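# sequence below, structure please.
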Amino acid sequence: MTTTPERSLFARVGALIARYSPEKAEKLNRFFSIPDATSLHSLLHGAGFQDINVQLETRPIKFSSFDDYFSGIAKGAGLSGQEYVQLPPDMKLIVRDEVWRGLASPNAGEPLTIEMDVLIGSGGR
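Residues are numbered from 1 along each chain as shown. A predicted model of the protein is given here:
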């Protein structure tokens with residue numbers, strides 16, 4: 001599961017949209033309700049699991065450019081993309097620019113690598 005907006009691949013876009021459209025926050029930020037290994041471990045334990053193992057895995061995801069990364073969002077892919085395409089044009093520019101800056105993106109057209117964190121939990125009953 002995704003940890004935080006800053007360590008997600010595309011859900012970071014939804015988190016930014018939620019900042020500007022608070023009425024969408026619950027739907028768009030639900031991916032971040034379990035932000036760390038301790039929280040996931042507690043949730044699994046509370047659900048009756050034993051011998052719980054929780055790991056944080058980080059994966060580098062490479063794109064040929066920021067435009068390559070953002071193209072799916074701009075076309076409405078995924079929940080974040082569906083919300084993005086419904087924004088007014090000026091808000092689309094603001095969100096896109098904030099995503100670009102938040103990724104510390106290279107110059108336009110240069111390759112981009114995003115480090116994505118995922119929590120993986122397991123256990124038995």
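# which elements pack onto the top helix by length along the chain?
Ranked by residue count under DSSP state H, the longest helix found in the chain is helix 89-102. If you count contacts as 3 or more C-beta pairs under 8 Å, 6 or more residues apart in numbering; DSSP states H and E, helix 89-102 packs onto helix 11-20, helix 66-74. C-beta: built from backbone N, CA, C; applies to glycine.
# can you add distance to residue 96 and mean neighbour count and give those helices back as a markdown table?
Output for the helices and strands packed on helix 89-102, formatted as a markdown table (distance: least, C-beta to C-beta, whole Å; neighbours: other C-beta atoms under 10 Å):
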| stretch | distance to residue 96 | mean neighbour count |
| --- | --- | --- |
| helix 11-20 | 9 | 22 |
| helix 66-74 | 6 | 17 |
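# and the ones you listed, which one is worst for confidence?
Least confident of those, judged by mean pLDDT, is helix 11-20 with a mean of 91.
# just the buried positions in the worst-scoring helix or strand of the chain on mean pLDDT, please.
The weakest-scoring helix or strand in the chain, judged by mean pLDDT, DSSP states H and E, is helix 25-29 (a mean of 82). Buried residues in helix 25-29, counted by 16 or more other C-beta atoms under 10 Å: 28-29.
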